[in-house]
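> Okay, sequence plus prediction incoming.
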Amino acid sequence: MIAPRFRPWFVSLVLTVGLNAWGQAPAPSPPKPVAVEQLQKAWSAVVQVNARAIEGAPSAATLGKIRRGSGVVIGPDDLILTIAYLVTETEQLNIRTQDQKTYPARVVASDSATGLALLRPLYPLTAVAPVALGQASLSDVGQTFAVASGEAGDTMSPARLMDVRNFTGYWEYHLDTALYASPPIGNHSGAGLFNTQGELVGIGSLLMQDIMPASDPRSLPGNMFVPTELLGPYLQDMLATGSSPKSNRPWLGINAVERSGRIQITRVTPRSPADLAGLTAGAFVLSLDGEPLSSLALFYKKVWAKPLGPGVFELTVQERGETRQLQLEIRDRNQTIQKPAGI
């Protein structure tokens, strides 16, 4: 297989001119200078990640037994940053560089709070230099960035940063700050979002049909990226313990969505606290420990604010027109995740 080529003239052109052809308004400020050499270095640092779920891992039911995505080399010791769901409860991990060389690897850290994970190959990478981490903020909305995945045949492509706002996921996940860019790429899991100086500002998490805020009348498909600046305060903890202190928090074992201003359970993980308490899909959550809940984000934050240790949550739900009181055990999410040797 022939390795994809980095096309500096193409990257320079699209990042400098912008993405007006995508049907978006011109950037509110002049495009930033493009450092083609740094972008080429960034493209070379993106690797493909392949993983197989641990036999019997609960996450295999929703994330799949075989997973493939991307990661980006960020450390001089070949440390790779990727998205956590790609490697959660996995083993038989390997990475493939842009020159099509394959290396066995291991999970160094997987953090449920940030949604980020760290990997390291078992052997030194050949001629792959790490990239620097950067930041993107509201002042960068409208600017053009570059997206790259480790999928064979993919090239670096332009994407415009459309918004910076919070994100709440149905799987007990919340970010106070997330990056939303368009047009979307299909191979988004763990893909790198780079500024025009080749700094890594985001790691690909989701493909969304509409990334625009509710206040914006436009509907635009795109990707949500986890900001890499979330790694900074927790890097040393993740290297030392396999996760950040924020991930040591209670877990219910649910998927939930907001519908018409109400929180509805869409899935209950088998043998989770929610399952053992008798919570079922379709139920509406009315209150937690007697406090009404106005949003899914508030629900999650109240759960996470509860101290770990012996105790229960008092959950009031409505199911088929009947109101019920359930007691859910307080359980540490990190203690429920199956981990391969070495983490």
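The structure has been received and is ready for your questions.

> export stretch 82-97 as PDB, just CAs?
Provided in PDB are the C-alpha atoms of stretch 82-97 (Å, rounded to 0.1, in the frame of the first residue of the first chain):
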ATOM      1  CA  THR A  82      -6.200   9.900  21.500                       C
ATOM      2  CA  ILE A  83      -9.900   9.700  22.400                       C
ATOM      3  CA  ALA A  84     -10.600   7.500  25.400                       C
ATOM      4  CA  TYR A  85     -13.600   5.500  24.100                       C
ATOM      5  CA  LEU A  86     -11.300   4.100  21.400                       C
ATOM      6  CA  VAL A  87      -9.200   2.300  23.900                       C
ATOM      7  CA  THR A  88     -11.500   1.800  26.900                       C
ATOM      8  CA  GLU A  89     -11.400  -1.800  28.000                       C
ATOM      9  CA  THR A  90      -9.200  -2.900  25.200                       C
ATOM     10  CA  GLU A  91      -6.100  -5.000  24.600                       C
ATOM     11  CA  GLN A  92      -4.000  -6.100  21.600                       C
ATOM     12  CA  LEU A  93      -3.400  -2.500  20.700                       C
ATOM     13  CA  ASN A  94      -1.200  -1.400  17.800                       C
ATOM     14  CA  ILE A  95      -0.500   1.900  16.000                       C
ATOM     15  CA  ARG A  96       0.500   2.500  12.400                       C
ATOM     16  CA  THR A  97       2.400   5.600  11.300                       C
END
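
> what is the mean pLDDT for that stretch?
In this model, stretch 82-97 has a mean pLDDT of 94.

> And for stretch 290-305?
For stretch 290-305, the mean confidence score works out to 95.

> start the count at 9, not 1, going forward
Shifting the count to begin at 9 puts that one at stretch 298-313.

> Pull out the buried residues from it.
301, 304-308, 310-312 (16 or more other Cβ atoms under 10 Å). Backbone N, C-alpha and C define where each C-beta goes, glycine included.

> As a markdown table, those residues with secondary structure and distance to Tyr242 would be great.
Listed next are these as a markdown table, based on DSSP: H, G, I helix; E, B strand; the rest coil; distance: Cβ to Cβ, whole Å:
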| residue | secondary structure | distance to Tyr242 |
| --- | --- | --- |
| Leu301 | coil | 28 |
| Leu304 | helix | 24 |
| Ala305 | helix | 21 |
| Leu306 | helix | 24 |
| Phe307 | helix | 24 |
| Tyr308 | helix | 19 |
| Lys310 | helix | 22 |
| Val311 | helix | 20 |
| Trp312 | helix | 15 |
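
> mind putting those residues in TSV, distance to Leu247 included?
Below are the buried residues of stretch 298-313 laid out as TSV (distance: Cβ to Cβ, whole Å):
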residue	distance to Leu247
Leu301	36
Leu304	32
Ala305	29
Leu306	32
Phe307	32
Tyr308	26
Lys310	30
Val311	27
Trp312	23
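
> and of those, the nearest to Asp119?
Trp312 (13.7 Å; Cβ to Cβ).

> got a list of what the closest one touches?
Residues near Trp312 by Cβ atoms under 8 Å, 6 or more residues apart in numbering: 257-258.

> how close does it get to Trp259?
Trp312 sits 9 Å away from Trp259, going by Cβ to Cβ, to the nearest Å.

> roughly how far out does stretch 315-334 sit from the chain middle?
29 Å (Cα atoms, centre = their mean, to the nearest Å).

> residues touching Leu187, list them.
Leu187 touches 144, 169, 171-172, 201, 209-210, 232-235, counting by Cβ under 8 Å, 6+ apart.

> Which strand or helix spans it?
strand 181-190 (DSSP states H and E).

> What residues sit buried inside that strand?
For strand 181-190, by 16+ other Cβ under 10 Å, it's 181-183, 186-190.

> With stretch 130-142 instead?
133, 136, 138-139, 141-142.

> Other residues contacting that stretch?
Everything outside stretch 130-142 that qualifies as a contact, by Cβ under 8 Å, 6+ apart, is 49-50, 52-53, 55, 80-84, 86-87, 105, 107, 109, 111-114, 200, 202-203, 205-209, 236-237, 239-240.

> Just the ones of those residues in strands?
When DSSP state E is applied, the contacts of stretch 130-142 are split such that 55, 80-81, 111-114, 200, 202, 208-209 fall in strands.

> neighbours around the nearest residue to Ala50 once chain neighbours are set aside, how many?
The spatial neighbour of Ala50 that comes closest, neighbours along the chain excluded (Cβ to Cβ, 6 or more residues apart in numbering), is Gly206 at 4.1 Å. Neighbours of Gly206 under the rule other Cβ atoms under 10 Å: 22.

> Quick check: beta-bridge partners of the residue nearest to Gln272 when sequence neighbours are not counted?
Closest residue to Gln272 apart from its sequence neighbours, by Cβ to Cβ, 6+ apart: Phe292 at 5.3 Å. Per DSSP bridges, the residues bridged to Phe292 are Gln272, Gln326.
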